[in-house]
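S.K.: Structure of the sequence below:
(2 chains)
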Amino acid sequence: MSFFLTDAEWAAITLSLQVASLAIAIALPPAVLLGYVLARWKFPGHTLVNALVHLPIVLPPVVTGYVLLILFGRQGALGSFFADVFGIVFAFRWTGAALAAGIMAFPLIIRPVKLSFELSDGQLEEAAYSLGTSRLKTFLLITLPLALPGILSGAVLGFAKAMGEFGATITFVSNIPGETRTLSLALYTEMQSLSGDAGAIRLTVIAIVVSISALVLSELVSRRLSRRLGGQHD
Amino acid sequence: MIDLDISSRVGDFSLSAKFAVNSGITAIFGRSGAGKSSLIRMIAGLAAPDAGRIVLAEQVVFDRDRSINVPIQQRGVGMVFQDSRLFPHMNVERNLLYSQWAAGRNSGVGLGEIAELLGISHLLKRRPFGLSGGEKQRVAIGRALLSNPKVLVLDEPLASLDASRKAEILPYLLKLKNEFGIPMLYVSHSLGEIEQLADTLVLLDQGSVVAYGPIAQMLSNLELPQLVNGPDAGSLLFAKFSQYDTHWQMTEFSLEGQKLFLPGQLGTVGQDARIRIKAKDVALARKVPEQASVRNVLCVCIEGITETAGPYAEVDCRVGEQHLRARLTRHSVHELQLAAGQEVFALVKSVALDQ
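M.R.: Reported below is the predicted structural model:
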């Protein structure tokens, strides 16, 4: 068995990194805003919104993928809108894989983000208002930097999840080599072929390494930042 | 400086406040739950009353009828909270200068001057984490001062500190009052702090302002049980330091032309002092006692005698322009045949006045 990756496996890994990066870029800003809203605001429908955000965790991934296909397919309402207005096509493209991965990773990103906004109850913001900074400026100078540990750990966890997403991706954008065949899909493909065991094991090892690194990195980053912000909750 | 007439209702709690106070330190006193915090949140602009108006330093900052509600950012209220609320991700210097670099405010005083005054110059590069409670509070006071406030609002600034830390902060607050002349609203449930600092006292009880006025007058008003009952109740007298006797280690104060002796060295010549005398430490005599150990014999005039339900009587005496309360038994009052208008002698042991 060779320890070296084939070109197709390298392609799958770089594609996964590309997909996961775009997925985080798409998902992080709304996750931060929604995390803040859910942590700090009380409004009717709070519970419903909170449930919707976490839906991708409990929903069968194939269902999420199928809903995406209906909405973002070439004939879908949103799919044709994006294609006509922005020239962005999701169906059977790597951008679609990123969209699917972003949505599947969203609950994992928002959890730590929301938690870190919940840790402070707005008292520092009141102090900042009294010192003259507007709501927006206070959010950028006080609220956001203090939530940074949670945001970073959410981003890292989400990235790991996005790299390995399988069900929604294969349902929505299929398994096209070089376009939508990410690490998990490549692994699945090798398992289906008669001579694919060695490749499957190589990809499995890589998937495990990536996931563990992400968890360790997330922990280290948030610990380091928390220490830097030490004394936040006294 | 502050003139307000507001009312508000949140759930079961209703607050109504009406008072007008001038410069100096105004204390808002009341038990916990009396509505002190709600009141200052409305003054600062963190909450809006249901009705009424608030005038701060001649500017109408809230008027329900005219739909005026100046946002907190423009009210010019410097806030010092009980829990200091320093920004943990910035060092002390960035905290102190926050209103300048983040909100573009300019204060008349410099960072150096404030840091020097508050004794925090050596902390500028430190982060709030690891500062002691007293240090944090001094930084918080400095940060509020450097935002160029028209009014400084201190919400129980010493409540979370232990006794020795409290003693560490109080002199700084007195210095602020004397050197900056900035009006302050001082919220507290500790009468002890208020007696040392405040010029005016606003008494809040169960959501409404019961009374307000000059501190000494409030403390001798027998109609305010919240202030004048209890074993430690007494009078606050304003005196001037005359001299210190190094041999006997006693300080002589001049009080309305009479002399008052206190143990220890307390201040410097010409300095104003506040002396608190508990009503139960004051005895009255018709004649100057001979060969007695009591150091302080003040000639006073009885203004009124209030007999309470129990065995005691509160005797209100006048020393010059000031009031001194004596708590006697009704029995003594009867035996000495004390009555309003009489000139008598108030006796106070120096030892009882140990500050």
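S.K.: rest of the way, CA atoms for contacts and neighbours
M.R.: Fine.
S.K.: And for residue B:59, the neighbour number?
M.R.: Each residue near residue B:59 was counted by other CA atoms under 10 Å in any protein chain shown, and the total is 13.
S.K.: Ok, the one 10 residues further on next?
M.R.: For residue B:69, the count of nearby residues is 17 (other CA under 10 Å).
S.K.: excluding its backbone neighbours, what's nearest it?
M.R.: Distance criterion CA to CA, 6 or more residues apart in numbering or on different chains; nearest residue to residue B:69, sequence neighbours excluded, is residue B:62 at 4.5 Å.
S.K.: same deal with residue B:23?
M.R.: In space, residue B:23 is closest to residue B:183, 5.1 Å off (CA to CA, 6+ apart).
S.K.: Go ahead and confirm that neighbour touches residue B:21.
M.R.: No. Residue B:183 lies out of contact with residue B:21 (CA atoms under 8 Å); the separation is 9.8 Å.
S.K.: Within the sheet, what are the partner strands of the helix or strand hosting residue B:53, with directions?
M.R.: Under the criterion of DSSP states H and E, residue B:53 resides in strand B:51-56. Using DSSP bridges, the strands paired with strand B:51-56 are strand B:2-10 (antiparallel), strand B:59-63 (antiparallel).
S.K.: For the first one, buried residues please.
M.R.: Within strand B:2-10, the residues that qualify as buried are B:2, B:3, B:4, B:5, B:6, B:7, B:8, counting by 16 or more other CA atoms under 10 Å in any protein chain shown.
S.K.: tell me the contacts of the fourth one?
M.R.: Residue B:5 makes contact with B:16, B:17, B:18, B:19, B:52, B:53, B:54, according to CA atoms under 8 Å, 6 or more residues apart in numbering or on different chains.
S.K.: and if we set it to 10 Å?
M.R.: B:16, B:17, B:18, B:19, B:20, B:49, B:51, B:52, B:53, B:54, B:55, B:63 (CA atoms under 10 Å, 6 or more residues apart in numbering or on different chains).
S.K.: can you pull the buried residues of the strand or helix carrying residue A:21?
M.R.: Assigned by DSSP H and E, residue A:21 belongs to helix A:7-40. Using 16+ other CA under 10 Å as the test for burial, helix A:7-40 gives A:9, A:11-13, A:15-24, A:26-28, A:31-32, A:34-36, A:38-39.
S.K.: Kindly spell out which helices and strands sit in contact with the helix or strand following it.
M.R.: Toward the C-terminus, helix A:7-40 is succeeded by helix A:46-58 as the next helix or strand (DSSP H and E). Secondary-structure packing of helix A:46-58 (3 or more CA pairs under 10 Å, 6 or more residues apart in numbering or on different chains; DSSP states H and E): helix A:7-40, helix A:61-72, helix A:94-119.
S.K.: Just put these in TSV and tack on mean pLDDT.
M.R.: Listed next are the helices and strands packed on helix A:46-58 as TSV, based on pLDDT from 0 to 100:
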stretch	mean pLDDT
helix A:7-40	93
helix A:61-72	94
helix A:94-119	93
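S.K.: Next, count neighbours for residue B:289.
M.R.: By the measure other CA under 10 Å, the count of residues near residue B:289 is 12.
S.K.: Surely it is in contact with residue B:298?
M.R.: No. Using CA atoms under 10 Å, residue B:289 is not in contact with residue B:298, being 11.6 Å away.
S.K.: what is in contact with the two at once?
M.R.: B:345, B:347.
S.K.: can you tell me how far the residue lying closest to residue B:258 once chain neighbours are set aside sits from chain A?
M.R.: Take residue B:258 and drop its neighbours on the chain: the residue closest to it by CA to CA, 6+ apart is residue B:298, 6.8 Å away. Residue B:298 sits 49 Å away from chain A, going by CA to the nearest CA, to the nearest Å.
S.K.: can you tell me the helix or strand for residue B:298?
M.R.: Following DSSP H and E, one finds residue B:298 within strand B:296-307.
S.K.: which of the residues in that strand are buried?
M.R.: B:296, B:297, B:298, B:299, B:300, B:301, B:302, B:303, B:304, B:305, B:307.
S.K.: Which strands or helices does that strand pack on?
M.R.: Packing partners of strand B:296-307 (3+ CA pairs under 10 Å, 6+ apart): strand B:258-263, strand B:282-285, strand B:312-319, strand B:322-329, helix B:330-336, strand B:343-348.
S.K.: Give me the sheet partners of the shortest one and which way each runs.
M.R.: Meaning strand B:282-285. strand B:343-348 (antiparallel).
S.K.: Enumerate the residues of the stretch 101-250 of chain B near chain A.
M.R.: Residues of the stretch 101-250 of chain B lying close to chain A (CA under 10 Å from any CA of the partner chain) are B:101-105, B:127-131, B:140, B:143-149.
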